[in-house]
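J.: Got a predicted structure here, sequence first:
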Amino acid sequence: MKKIIKVFVKVLIVLILFIGGFLGYLTVTEYRPDQIEALEISNNQTQKVSLNTTYKAMTYNIGYAGLGSKEDFVMDGGSKGRPDSKEVVLDYLEGTLDILSSHESDFYFLQEVDLKARRSFNLNQVRLIEERLGDGFSSSFAYNFKANFVPFPVSFTDYIGHVESGLLTLSTKQVESSKRHQFPGEFSWPLRIANLKRAMMENTYEIENSDKKLIMVNLHMSAYDGDGSLRKAEMAYLKEFMVAQEALGNYVVIGGDFNQTFPEVKDLFLPKQDYYVAYPIEDDYLPSGYSFQIDPIKPTARLLNQPYDKLDENTQYYLIDGFIVSSNITAFSVINLDYDFLYSDHNPVVLNFKLN
C-alpha cells in the first residue's frame with residue numbers, strides 16, 4: 001500500500017511540475033503587443049486616393065479556410081477543433097481566392113487569415129492571398145491571435161496548437177501608414193496566455209487635392225465574452241477613435257466582423273435554441289457624423305453547431321459583418337454576397353462608395 005501511495009505521489013508531483021512548467025512557458029512567451037504599433041506595408045502602391053471617385057471595399061472573415069460548409073466547431077456546439085486534412089483547407093482556400101479575384105475591389109478587409117497555424121496545416125494564407133491578387137495591391141497584416149500553443153478544445157490530437165493569425169488589409173492605393181490598435185480589456189490569467197488579443201488595423205491614405213486623409217479600419221471584435229466587459233471596452237475605444245477622426249475632418253470607413261448585430265436588424269436572425277447570441281449594438285451607439293452600412297436582407301454568418309444545411313431548422317444565422325462610414329462619404333450600395341457559406345462560416349460584404 002505504501003508503495004502505491006509513493007508512486008501516486010511521484011506521479012502527482014511530476015504532473016504538477018509539468019503543468020506548472022507548461023503554464024510558465026506560455027506566460028513567459030505570451031504575446032504582449034503595445035497599445036499602438038506601426039505595421040509593415042508590403043508592395044506599397046503609388047496611386048493616391050481621389051475625391052468624387054467610386055471605390056469598392058470588401059470585408060470578409062475567411063475563417064482561416066477551415067470553417068467551410070462541411071465543418072462544425074466545438075465552441076459553437078459542434079464536435080471538431082480543426083478540419084480533417086490539409087486538402088480540405090486547400091479546397092476552402094481556393095474557393096476563397098476565387099471569390100476575392102472575381103469581385104475585384106479597391107480595398108479588402110480580411111479577418112481570420114492564418115500566417116502560420118496548426119489548425120490550417122501551417123499554410124501561409126497571407127502570402128497565398130497576396131500572390132493571387134497580384135502586384136497591384138499593397139498589403140499589411142496585424143495579429144489578432146498569436147500563441148505558441150493553444151491546448152483547446154477537443155482531445156490530445158484535435159487541438160489548435162501553435163497559431164499566428166489576424167487581419168489582412170489590401171488596397172490598390174498608396175498607404176501612408178498602417179497601425180495596429182490593441183483593443184482594451186483582456187481575459188484573466190491563465191486564459192489570456194493562449195487566447196486572442198483583439199485588435200483593429202488603421203490604414204491611412206493621402207487624398208489628392210485635399211488636406212484630409214482617408215482612414216480605413218479593419219477589425220474583428222470579441223465573441224464569447226461572458227459578462228460583456230470586453231465588448232464594452234472595445235466599442236468604447238472604437239467610438240473614441242471615430243470622434244477623434246470626425247474632429248479632424250477625415251474620411252472614415254470601418255469594416256469587419258463586429259461579432260454583434262446592428263440596430264436596424266436586431267430583431268432578425270434571433271437564436272432558435274440556446275445558441276450563441278450576437279449582442280445588439282445600442283441604437284444610439286454611433287457618434288454624430290457616422291452611419292452603419294449593411295445589407296439587411298441576408299445573413300453574413302452562420303453558427304458552427306453542425307455542418308451547413310440551409311433546410312435544417314437548427315441552422316442558425318447572424319448578421320454581424322458590415323461597415324461604418326463617416327458622413328462625408330456617399331455609400332451607393334452594400335451587398336452581402338451569398339455564397340451559401342461554402343468556404344467560410346461568413347459571407348463577404350461589398351460596399352460601393354465615394355469621397356465627397
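T.: Good, I have the coordinates. Numbers count the residues shown, from 1 in each chain.
J.: Give the residue spans of the stretch 101-250 of the chain that score low on pLDDT.
T.: Within the stretch 101-250 of the chain, the stretches with pLDDT under 70 are 153-156, 185, 187-194, 226.
J.: can you pull out the helices in it?
T.: In the stretch 101-250 of the chain, helices defined by DSSP state H, counting those that start in this stretch lie at 125-133, 229-248, listed in chain order.
J.: V113 is nearest to which of the ones you listed?
T.: Closest approach to V113 among the helices of the stretch 101-250 of the chain is made by helix 125-133 (5.1 Å; Cβ to Cβ). All C-beta atoms are positioned from the backbone trio N, CA, C, and that covers glycine.
J.: residues making contact with the closest one?
T.: In this structure, residues lying in contact with helix 125-133 by Cβ atoms under 8 Å, 6 or more residues apart in numbering are 42-43, 62, 64-65, 93, 97, 100-101, 108, 110, 113-115, 137, 139, 141, 168, 170.
J.: picking that back up, TSV please, covering the helices of the stretch 101-250 of the chain and showing distance to E206 and mean neighbour count.
T.: Converted to TSV, the helices of the stretch 101-250 of the chain look like this (distance: least, Cβ to Cβ, whole Å; neighbours: other Cβ atoms under 10 Å):
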stretch	distance to E206	mean neighbour count
helix 125-133	22	18
helix 229-248	14	16
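J.: Any chance of the ones you listed in a markdown table with distance to E186 as columns?
T.: Below are these laid out as a markdown table (distance: least, Cβ to Cβ, whole Å):
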| stretch | distance to E186 |
| --- | --- |
| helix 125-133 | 25 |
| helix 229-248 | 8 |
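J.: Report the separation between the nearest residue to S85 once chain neighbours are set aside and N61.
T.: In space, and not counting its chain neighbours, S85 is closest to F121: 7.7 Å by Cβ to Cβ, 6 or more residues apart in numbering. According to Cβ to Cβ, to the nearest Å, F121 stands 19 Å off from N61.
J.: Looking at those two, which is more packed in?
T.: N61 (26 against 17; other Cβ atoms under 10 Å).
J.: circling back: just checking, the residue nearest to S85 touches E87?
T.: No. Using Cβ atoms under 8 Å, F121 makes no contact with E87, being 9.0 Å away.
J.: returning to what we had before: among the helices of the stretch 101-250 of the chain, which is nearest R32?
T.: Using Cβ to Cβ, the nearest of the helices of the stretch 101-250 of the chain to R32 is helix 229-248, at 17.1 Å.
J.: packing partners for that closest one?
T.: Where contact means 3 or more Cβ pairs under 8 Å, 6 or more residues apart in numbering; DSSP states H and E, helix 229-248 is packed against strand 199-206, strand 213-220, strand 251-257, strand 321-326.
J.: tilt between the shortest one and helix 229-248?
T.: Strand 321-326 and helix 229-248 meet at an angle of 30 degrees, taking axes from the mean of the first three to the mean of the last three Cα atoms, to 10 degrees as the criterion.
J.: what comes into contact with strand 321-326?
T.: Applying Cβ under 8 Å, 6+ apart, the contact partners of strand 321-326 are 57, 59-61, 242, 245-246, 250-258, 262, 286, 289-295, 300-301, 331, 334, 336, 346-347, 349, 351, 353.
J.: Out of the residues you listed, which end up buried?
T.: For the contacts of strand 321-326, a neighbour count by 16 or more other Cβ atoms under 10 Å gives the buried set as 57, 59-61, 242, 245-246, 250-258, 262, 289-290, 292-295, 300-301, 331, 334, 336, 346-347, 349, 351, 353.
J.: Just list the residues touching the closest residue to E202 other than its chain neighbours, thanks.
T.: Spatial nearest neighbour of E202, excluding adjacent residues (Cβ to Cβ, 6+ apart): K179 at 4.7 Å. By Cβ under 8 Å, 6+ apart, K179 lies in contact with I36, E37, A38, L39, M201, E202, N203, T204.
J.: Which secondary structure element is home to the closest residue to T54 other than its chain neighbours?
T.: Among residues not flanking T54 along the chain, K354 sits closest, at 5.0 Å (Cβ to Cβ, 6+ apart). Per DSSP states H and E: K354 is located in strand 349-355.
J.: chain center to that strand: distance?
T.: Mean-position distance between strand 349-355 and its chain equals 19 Å (Cα atoms, centre = their mean, to the nearest Å).
J.: Does anything pack onto it? Which helices or strands?
T.: strand 54-61, strand 251-257, strand 321-326, strand 329-336.
J.: looking at those strands, which is closest to L342?
T.: L342 sits nearest to strand 54-61 of all these, at 12.7 Å, using Cβ to Cβ.
J.: Check which helices and strands the closest one sits against.
T.: If contacts are counted by 3+ Cβ pairs under 8 Å, 6+ apart, strand 54-61 sits against helix 86-102, strand 107-117, strand 213-220, strand 251-257, strand 321-326, strand 349-355.
J.: And the contacts of it?
T.: Contacting residues not belonging to strand 54-61 are listed as 49, 96, 99-100, 103-112, 216, 218, 220, 253, 255-257, 301, 321-323, 332, 344-354 [Cβ under 8 Å, 6+ apart].
J.: Measure how that strand sits relative to strand 107-117, angle-wise.
T.: Taking the same axes, to 10 degrees, strand 54-61 and strand 107-117 form an angle of 30 degrees between their directions.
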